Structures are given as C-alpha cells and as structure tokens.
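**Q** How does the following fold in three dimensions:
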Amino acid sequence: MPDAPDATRRFVVGLGNPGRQYAASRHNVGFRVVEALQRRWQAGPPRTAFGGLVWDARPSRVGAGQRRVVLLEPQTYMNRSGAAVREMAAFYKAAAADLLVVLDDMALPPGRLRARAGGSAGGHNGLADVLAALGDEQVSRLRVGIGAAPPHMDAADYVLGRFAAGESELMEAAVAAAADAVEDWVFHGVTYVMDRYNRRPEDAGRADGTDDGK
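**A** Residues are numbered from 1 along each chain as shown. From the prediction side, this is the model:
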C-alpha cells in the first residue's frame, strides 16, 4: 500500500558537480533527474540559495491533488553536498522523511533504479556527506545505475567521464524513469517507489515482486 500522503513540502536533492565540464558526466545523473523534473513541473528558472540552485515546484496529479516540492542542486561539489542540504533542511525545518536524494551508483547496472528508505551511504561520498551533515541515515534515496568502472580504470576517472555512445539512449530513458519515480515518491511515498521500481526488468512479471537486495 502507498504511504499515507500529507500536505507538507517535499524536498528532492540531486547530487552532482557544478560546471560545464561535469554536466554530462556519469556523476551528474542526480542533477539530470532534478532538471528533468524542473522541466516537467514547469518550475521556471532557479534561484540561488543554501549554496545551491533551488526550484520551487507545485506538481499536481489527478486524484491526488497538488504538492509543494523544493528541488535542490548543491553547488558545493559532490563530496561537500551535505552543507547545502543541511542549510535547506534547517531553513524549512524539514524532517528526514520529507527528503529524497537522487544519485548515481556504480554498483548497479546502467539504467537500473534502486530506492531505499534509509541506511548507509554504500560508499558514495556525496550521500555520505549528506547523511553526516544531517546526522540521520533515515533519508530516502534513489540510486540510478551507471555501471562499474572497467578493470584497471580509476573509479574517480570513470564517474567523472561521459557515458559511452552506446549508453546515451539507455541513460536518457533511465533519467526519465527516475523522474517518474521521484514524482511517485512525492505523491505516494518511498514504499510505493520501492515496490514499483526496485525490480529488475526480468522480474517485472513476477507476482511477488521479490528482489535480490542489492
């Protein structure tokens, strides 16, 4: 069953690095999802606040009404994302349950989504900084798979590199699917998103919706 909705604000944070040189990198998938939502929800140009770019959106859905959503892209670089998120949360007095972080994940195959209601950062430095800054691991997160680095390639070089030509179409679809997942989180909560998006494509027809837990 979907989590019970309420009328409070929701906060969506996309993780990435500022600057044109990083815009198309694997590490900036979180930014791409936020920007897809900004366009979808017609949030207009961003304002500068909390050490980041901020959009105020009011998405609506037939039968579910309207929600107030703050979109944030920290401009503090990936490994220092927490300061911007903490400042935003403090300003709005936001609870951890009202926050969703969108990020890339090398442990997932390219394009695959994985939502969680909380837990550790799983080796992602940007998420680790957010959790440390908030002092709370019970923050929902949506991971977008970018695949593992090739053998003998440094992980930092890999995530800061661009997607290969053959991956571009797959990742465009993944960003759109992740935007769908975020919108579902806004209106229905994280349990709904986990049930709907955490299955592998080959599991889509399974009635039990079981998952491998990765």
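
**Q** Can you check what pLDDT the model gives Met1?
**A** Looking at Met1, its pLDDT reads 41.

**Q** Next, the contact list for the residue most central in space within the chain, please.
**A** For the chain, Val102 is the residue whose C-alpha lies nearest the centre (C-alpha atoms, centre = their mean; 1.2 Å). For Val102, the contacting residues are 12-15, 29-30, 33-34, 141-142, 144, 178, 182, by C-beta atoms under 8 Å, 6 or more residues apart in numbering. Every C-beta, even on glycine, is put in place using the N, C-alpha and C of the backbone.

**Q** Kindly report the same for Leu134.
**A** Counting by C-beta under 8 Å, 6+ apart, Leu134 has contacts 82, 85-86, 89, 96, 99.

**Q** Narrow those to those in helices?
**A** Residues of those located in helices (DSSP state H): 82, 85-86, 89.

**Q** Next, work out how far apart the nearest residue to Tyr22 once chain neighbours are set aside and Leu160 are.
**A** Spatial nearest neighbour of Tyr22, chain neighbours left out: Asn28 (5.6 Å); criterion: C-beta to C-beta, 6 or more residues apart in numbering. Distance, Asn28 to Leu160, using C-beta to C-beta, to the nearest Å: 9 Å.

**Q** neighbour-wise, which of those two wins?
**A** Neighbour comparison, Asn28 and Leu160: the larger count goes to Asn28, with 24 against 16 (by other C-beta atoms under 10 Å).

**Q** what about the more buried one, which SS state?
**A** Following DSSP: H, G, I helix; E, B strand; the rest coil, Asn28 is assigned to helix.

**Q** Next one, pLDDT for it please.
**A** On pLDDT, Asn28 comes in at 98.

**Q** Narrow the contacts of Leu134 to those that are buried.
**A** 82, 85-86, 89, 96, 99 (16 or more other C-beta atoms under 10 Å).

**Q** quick one: Val34 is in a helix?
**A** Yes - the assignment for Val34 is a helix, going by three-state DSSP.

**Q** beta partners of the residue nearest to it when sequence neighbours are not counted?
**A** Residue nearest to Val34 in three dimensions, not counting chain neighbours: Gly14, with 3.4 Å by C-beta to C-beta, 6+ apart. Beta-bridge partners for Gly14, by DSSP bridges, are Val102.

**Q** same deal with Val54?
**A** Beta-bridge partners of Val54, as defined by DSSP bridges: Arg47, Leu72.

**Q** picking up where we left off before, just the buried ones among the contacts of Leu134: which has the poorest pLDDT?
**A** For those, the pLDDT minimum is Ala96, 92.

**Q** ok, now which ones touch that residue?
**A** Per C-beta under 8 Å, 6+ apart, neighbours of Ala96: 118, 134, 136, 138-139.

**Q** and which of those residues is nearest to Leu127?
**A** Within the contacts of Ala96, proximity to Leu127 (C-beta to C-beta) peaks at Val139, which comes in at 8.4 Å.

**Q** ok, which stretches of this structure are strands?
**A** 10-14, 47-49, 52-57, 60-61, 65-66, 69-74, 99-105, 113-116, 140-145 (DSSP state E).
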